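Colleague: One predicted model, sequence on top.
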Amino acid sequence: MKLLLGVAGDPVTHSLSPFIHNGWLRDNRIDAVYSAFEIKAGELPEGLRTLAGQGVRGLNITLPHKIEALKLAARASEKARRIGAANLMILEEDGTWSAGNTDAPGFALTLDYGGIQVAGRSVFVLGAGGSARAVAAVLADRGARLTICNRTVDNAQALARAIAPQAEVHNLEEGLARLGNAALVVNTLSTGHSGGGFELPESGGGVFYDISYGRGAATALAEATRKGWRRLDGLGMLVAQAAISFRAWFGLMPDMAEAHARCRALVEATS
């Protein structure tokens with residue numbers, strides 16, 4: 001019987017995770033299949049019960065469920081508990097879910113591969129959801145001078161208290177007006193998936209990093225280009241966190257470079 005795995009969220013039809021994981025499964029001759037499961041906001045508890053009943057044994061969790069996934073897990077890694085969000089779930093033999101977070105180490109790997117230094121430098125995080133919590137944890141641990149911006153300031157303040165008590169907090173409009181001289185801006189907002197966007201100031205030489213990719217990042221990255229920012233999309237983070245999930249399920253690290261190249265070619269062909 002094939003092992004069943006997948007990614008759960010909404011939206012999820014755009015996700016490249018099945019493309020990535022099924023490629024690795026074929027490469028490593030593992031008898032498993034990885035699918036995308038659309039689960040609407042508020043429906044995660046029932047969704048997890050249904051997927052467990054269908055034989056799914058491992059999940060990646062994406063928008064909008066990362067914070068709730070942690071709350072629903074019977075056990076969680078120290079990293080997931082600290083961040084307050086989970087994007088990896090494993091169904092245990094007793095029928096309960098364990099949770100982990102691969103977003104944080106995945107994001108950290110992209111900073112390393114990109115040679116992006118943040119210690120002592122001004123870094124802005126846009127958003128305050130589950131992905132933002134993982135990103136902020138990495139940046140705080142690396143000594144960034146962090147500013148967190150979100151439409152709902154209370155959520156940004158809660159993130160700062162939990163992850164980065166020294167961070168400044170602003171609403172999104174104030175943050176966008178202040179970030180021109182930032183060394184790095186990390187956009188975790190999901191507005192690009194619905195065609196939304198925002199206006200950036202002229203860059204002072206920094207990097208604009210949108211953790212989305214493809215059409216979900218297109219509007220923000222186009223604005224970054226117009227304003228002179230060096231730009232980076234989320235394909236690297238997607239592949240890195242997927243590889244760490246794959247290792248958690250199967251005990252081996254897949255070929256990230258080859259997967260990234262395949263994803264880049266697919267995104268460019270369909271954009």
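Modeller: That came through fine.

Colleague: what's the spacing between stretch 103-116 and its chain's center?
Modeller: 12 Å (C-alpha atoms, centre = their mean, to the nearest Å).

Colleague: meant to ask about stretch 60-73
Modeller: With C-alpha atoms, centre = their mean as the basis, the distance from the averaged C-alpha position of stretch 60-73 to the chain average is 12 Å.

Colleague: What's the end-to-end length of that stretch?
Modeller: When the termini of stretch 60-73 are compared using C-alpha to C-alpha, to the nearest Å, they are 13 Å apart.

Colleague: pLDDT below threshold where in the stretch 151-271 of the chain?
Modeller: Using pLDDT under 70 as the threshold, the predicted model of the stretch 151-271 of the chain has low-confidence ranges 194.

Colleague: Now do the strands in the stretch 151-271 of the chain.
Modeller: Shown for the stretch 151-271 of the chain, the strands assigned by DSSP state E, counting those that start in this stretch span residues 168-171, 184-187, 207-210, 230-232.

Colleague: Reformat these as JSON lines; add distance to A80.
Modeller: (Each C-beta comes from the backbone N, C-alpha and C, glycine too.) Converted to JSON lines, the strands of the stretch 151-271 of the chain look like this (distance: least, C-beta to C-beta, whole Å):
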{"stretch": "strand 168-171", "distance to A80": "23"}
{"stretch": "strand 184-187", "distance to A80": "20"}
{"stretch": "strand 207-210", "distance to A80": "22"}
{"stretch": "strand 230-232", "distance to A80": "25"}
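
Colleague: Point out the most buried one among those.
Modeller: Among those, judged by mean count of other C-beta atoms under 10 Å, the one packed with the most neighbours on average is strand 184-187 (a mean of 27).

Colleague: For that strand, list the C-alpha coordinates in CSV.
Modeller: Listed in CSV are the C-alpha atoms of strand 184-187, where the atom choice follows Å, rounded to 0.1, in the frame of the first residue of the first chain:
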residue,chain,number,x,y,z
LEU,A,184,16.3,43.3,4.0
VAL,A,185,12.5,43.3,3.7
VAL,A,186,10.7,39.9,4.0
ASN,A,187,7.2,39.9,2.7
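
Colleague: Tell me the strands beside that strand, with direction?
Modeller: strand 122-126 (parallel), strand 207-210 (parallel) (DSSP bridges).

Colleague: so which of those comes closest to G6?
Modeller: When the strands paired with strand 184-187 are compared for distance to G6 using C-beta to C-beta, the nearest one is strand 207-210, at 24.4 Å.

Colleague: what separates that closest one from the chain centre, distance-wise?
Modeller: The offset between the C-alpha centroid of strand 207-210 and the centroid of the whole chain comes to 14 Å, using C-alpha atoms, centre = their mean.

Colleague: what's next to that strand, contact-wise?
Modeller: 110, 114, 116, 183-187, 192, 200, 217, 220-221, 224, 229-234 (C-beta atoms under 8 Å, 6 or more residues apart in numbering).

Colleague: So what's the residue count around K2?
Modeller: Number of residues near K2 (other C-beta atoms under 10 Å) recorded here: 10.

Colleague: Which of the residues in stretch 164-183 are classified as buried?
Modeller: Of the residues in stretch 164-183, 164, 167-170, 172, 175-176, 178-180, 182-183 count as buried by neighbour count, 16 or more other C-beta atoms under 10 Å.

Colleague: for those, which one is nearest A74?
Modeller: When those are ranked by distance to A74 (C-beta to C-beta), A164 comes first, at 28.1 Å.

Colleague: Next one: the spatially closest residue to that closest one that is not a sequence neighbour from A167, what distance?
Modeller: Leaving aside its sequence neighbours, A164 sits nearest to A140 (C-beta to C-beta, 6 or more residues apart in numbering; 4.0 Å). Going from A140 to A167 by C-beta to C-beta, to the nearest Å gives 7 Å.

Colleague: what is in contact with the two at once?
Modeller: Listed as contacting both A140 and A167 by C-beta under 8 Å, 6+ apart are L146.
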